[in-house]
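> How does the following fold in three dimensions:
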Amino acid sequence: MKLNRFTTGLVAILLSSGLGFAAIANEQQAADPAEQKFELAKQYYGECSNVDDAKFDAIRPQLKAFTDMEVMAEHMADPAKFMQLMNVVNDPRTIHVMSKCATEPVMWNTWMSGMTDFNKMTRTMSHFMNPNMYMNWMMASMNPAMYQPMMKMADPNYYNSWMTAMTNPAFYEPMTAMANPDWYTPRLGWMTNPQSFEPMFKMMNMGGMMDLSGFMGMMPTPAPAAEAKKEG
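Residues are numbered from 1 along each chain as shown. Down below sits the predicted model:
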């Protein structure tokens, strides 16, 4: 009986501890700057005309390629996905969103975290080392999915949307905003904050791999016979 009670109590403690650690991990993951939540992108997309939440959700997978190099590599490895990406980007509303988000400090945090993540960069490069990527591009001309996004170029509404955007002053807002002194305040604050460059410092540390003492510890030591020979 005592053993059963002890086992039951131990299991309860482990479960409660596991739930506690899981909650902490979820909170840390929620606050991870490497994961882009697209709040600003959705806000900027809502500033455009003839848009709604459904249209933004439809282009969200393509927009994520510009916040995550691994996702971008996946699109570049697949010709059909790449053409879908180009189809989404070749839209004045998407250009408006991307140009405004590109200057936001939250995006700089995302890029900094992604560029300094060794595992993520390794997975990204593995796409370009996969021979299937180049085989897919060699066979792309026979893939019907390659030509479907190109049909948009035959739609007159495509050209009308660009003509309308070019005559709209809001389309040039990402450039005209730089004339406002308040535009520089949060960006200068990001550049002068040491925490902004924390991912770069972690990458340079590489978890202690750059520690010279550890490196010297891995160097082979001379054999005792050789040491005695030197002394003799």
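> center of the chain, which residue is that?
Of all residues in the chain, the one closest to the mean position by CA atoms, centre = their mean is Asp68, 2.3 Å from it.
> pretty sure that residue contacts Ser113?
No: the pair Asp68 / Ser113 is not scored as a contact, 10.0 Å apart, by CB atoms under 8 Å. Placement of C-beta: from N, CA and C, glycine included.
> could you dump the strand or helix carrying Phe82 to CSV, C-alpha only?
Phe82 is located in helix 79-89, with elements delineated by DSSP states H and E. Backbone C-alpha positions of helix 79-89 (Å, rounded to 0.1, in the frame of the first residue of the first chain) are rendered in CSV as follows:
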residue,chain,number,x,y,z
PRO,A,79,8.6,25.7,-59.3
ALA,A,80,4.9,25.6,-58.8
LYS,A,81,5.1,27.1,-55.3
PHE,A,82,7.6,29.7,-56.6
MET,A,83,5.2,30.8,-59.3
GLN,A,84,2.4,31.1,-56.7
LEU,A,85,4.8,33.3,-54.6
MET,A,86,5.5,35.5,-57.6
ASN,A,87,1.8,35.7,-58.3
VAL,A,88,1.1,37.0,-54.8
VAL,A,89,4.0,39.4,-54.7
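> mind starting the numbering at 802 from now?
All right, first residue 802 from here; so that's helix 880-890.
> Mind giving me the packing neighbours of that helix?
Under the contact criterion of 3 or more CB pairs under 8 Å, 6 or more residues apart in numbering; DSSP states H and E, helix 880-890 touches helix 854-865, helix 870-878, helix 893-902.
> what about those, which gets the closest to Tyr985?
helix 893-902 (15.3 Å; CB to CB).
> Only the buried residues of the helix or strand just after the closest one, if you could.
Using DSSP H and E, the helix or strand that follows helix 893-902 towards the C-terminus is helix 906-916. Across helix 906-916, burial judged by 16 or more other CB atoms under 10 Å covers 906, 908-915.
> Could you dump the helices and strands packed on helix 880-890 into TSV and include mean pLDDT and distance to Met1001?
Listed next are the helices and strands packed on helix 880-890 as TSV, based on pLDDT from 0 to 100; distance: least, CB to CB, whole Å:
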stretch	mean pLDDT	distance to Met1001
helix 854-865	91	23
helix 870-878	93	16
helix 893-902	92	21
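> out of these, nearest to Met1004?
The closest of these to Met1004 is helix 870-878. By CB to CB, the value is 14.2 Å.
> and the angle from the closest one to helix 906-916?
Orientation check (axes from the mean of the first three to the mean of the last three CA atoms, to 10 degrees): helix 870-878 against helix 906-916 gives 80 degrees.
> gap between helix 870-878 and the chain center?
The gap between where helix 870-878 is centred and where its chain is centred comes out at 10 Å by CA atoms, centre = their mean, to the nearest Å.
> Which strands or helices does it pack on?
Helix 870-878 packs on helix 880-890, helix 906-916, helix 919-929, helix 932-939, going by 3+ CB pairs under 8 Å, 6+ apart.
> so which of the ones you listed gets nearest Ile860?
Judged by CB to CB, the one of the helices and strands packed on helix 870-878 that comes nearest to Ile860 is helix 880-890, at 4.8 Å.
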